[in-house]
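1. Output the structure for:
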Amino acid sequence: MEIVIADKSHTVYAEIICETIADSARVRGTGIAKRTPEYIIQRIINGNAVIALEDGKFAGFCYIEAWGHGKFVANSGLIVHPDFRNRGLAKEIKHKIFNHSITKYPKAKVFSITTGLPVMKMNSDLGYKPVTFSELTDDQTFWKGCQTCKNYDVLQRTEQKMCLCTGMLYDPDKQPPKDQKPVKSKVFNRLKSIKEHLFLKK
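-> Purely as a prediction, here's the structure:
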């Protein structure tokens with residue numbers, strides 16, 4: 001298995017990347033900001049993506065998006081192909097893209113919005129903290145990306161203050177002591193249940 005910074009030679013995988021992301025969201029029943037192959041190709045060409053391959057077969061992917069003139073970056077679209085799941089690959093890709101992010105954008109705050117409990121746990125282990133949406137980028141180009149999510153109406157109803165996703169932020173200037181324990185997974189699970197009860201009840 002190789003996990004590398006993607007380059008032009010990897011643009012041939014853009015279509016399967018988009019299909020795998022969409023299929024995963026459909027199976028999990030969660031919302032997601034849909035991306036086109038052209039969008040993924042642009043991230044790859046800009047050197048803002050990580051890809052995992054095994055003997056030339058697509059195994060996993062994640063990309064960086066910069067917002068607010070580079071003050072914020074997001075690690076988005078983390079996906080592992082079903083053939084390679086339950087091997088710890090998502091965590092390896094996440095670490096690779098996170099280290100690439102803080103190297104390429106050393107002064108930027110790294111953020112994530114997600115409904116995925118495993119992603120929240122990985123973020124927490126890397127030093128992300130749960131925050132309100134008001135602490136994330138106010139770049140409306142980012143938030144417009146949520147329009148393709150099935151839960152977009154929740155974001156509109158709350159005037160962009162909250163949604164089913166949890167906002168998490170890594171601030172390079174506010175890192176806690178190394179011996180501080182990360183947030184427990186059951187806390188994220190409880191938070192997700194509360195949001196679903198509040199926003200999805202009929």
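2. which secondary structure elements does the strand with the most length in the chain contact?
-> If you go by DSSP state E, the chain has its longest strand at strand 57-67. Using 3 or more Cβ pairs under 8 Å, 6 or more residues apart in numbering; DSSP states H and E as the contact criterion, the secondary-structure elements in contact with strand 57-67 are helix 14-28, helix 37-45, strand 49-54, strand 72-80, helix 89-104, helix 140-144. Glycine gets a C-beta too; all of them are placed from N, C-alpha and C.
3. Okay, angle between the fifth one and strand 72-80 too, please.
-> Interaxial angle, helix 89-104 versus strand 72-80 (axes from the mean of the first three to the mean of the last three Cα atoms, to 10 degrees): 160 degrees.
4. So what touches the helix or strand that comes right after helix 89-104?
-> Beyond helix 89-104 on the C-terminal side, the first helix or strand identified by DSSP states H and E is strand 109-114. Identification of contacts with strand 109-114 by Cβ atoms under 8 Å, 6 or more residues apart in numbering yields 71-76, 98, 101-102, 119-120, 123, 128, 131, 133, 136-137, 163, 165-172.
5. Kindly report the same for stretch 44-60.
-> Stretch 44-60 is touched from outside by 1-8, 10-11, 13-14, 16-17, 20, 40, 43, 61-66, 78-81, 83-84, 89-90, 92-93, 96-97, 100, 104, with contacts defined as Cβ under 8 Å, 6+ apart.
6. Relative to residue 6, how far out is residue 46?
-> 10 Å (Cβ to Cβ, to the nearest Å).
7. So if I had to pick from these two, which one is more boxed in?
-> Ranked by neighbour count (other Cβ atoms under 10 Å), residue 46 and residue 6 place residue 6 first, with 26 against 12.
8. Who are the contact partners of the more buried one?
-> By Cβ under 8 Å, 6+ apart, residue 6 lies in contact with 43-44, 47, 49-51, 61.
9. Recalculate using a threshold of 6 Å.
-> When contacts are counted by Cβ atoms under 6 Å, 6 or more residues apart in numbering, residue 6 touches 44, 49, 51.
10. about what we covered before: can I get the longest strand of the chain in CSV, CA atoms only?
-> As requested, C-alpha coordinates have been extracted for strand 57-67 and formatted as CSV (Å, rounded to 0.1, in the frame of the first residue of the first chain):
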residue,chain,number,x,y,z
LYS,A,57,-6.0,0.0,-7.5
PHE,A,58,-7.7,3.0,-5.8
ALA,A,59,-7.9,2.4,-2.1
GLY,A,60,-8.5,5.8,-0.4
PHE,A,61,-8.4,9.6,-0.8
CYS,A,62,-8.7,13.0,1.0
TYR,A,63,-8.1,16.5,-0.1
ILE,A,64,-7.4,20.0,1.2
GLU,A,65,-9.5,23.1,0.7
ALA,A,66,-8.3,26.6,1.6
TRP,A,67,-10.8,29.2,2.6
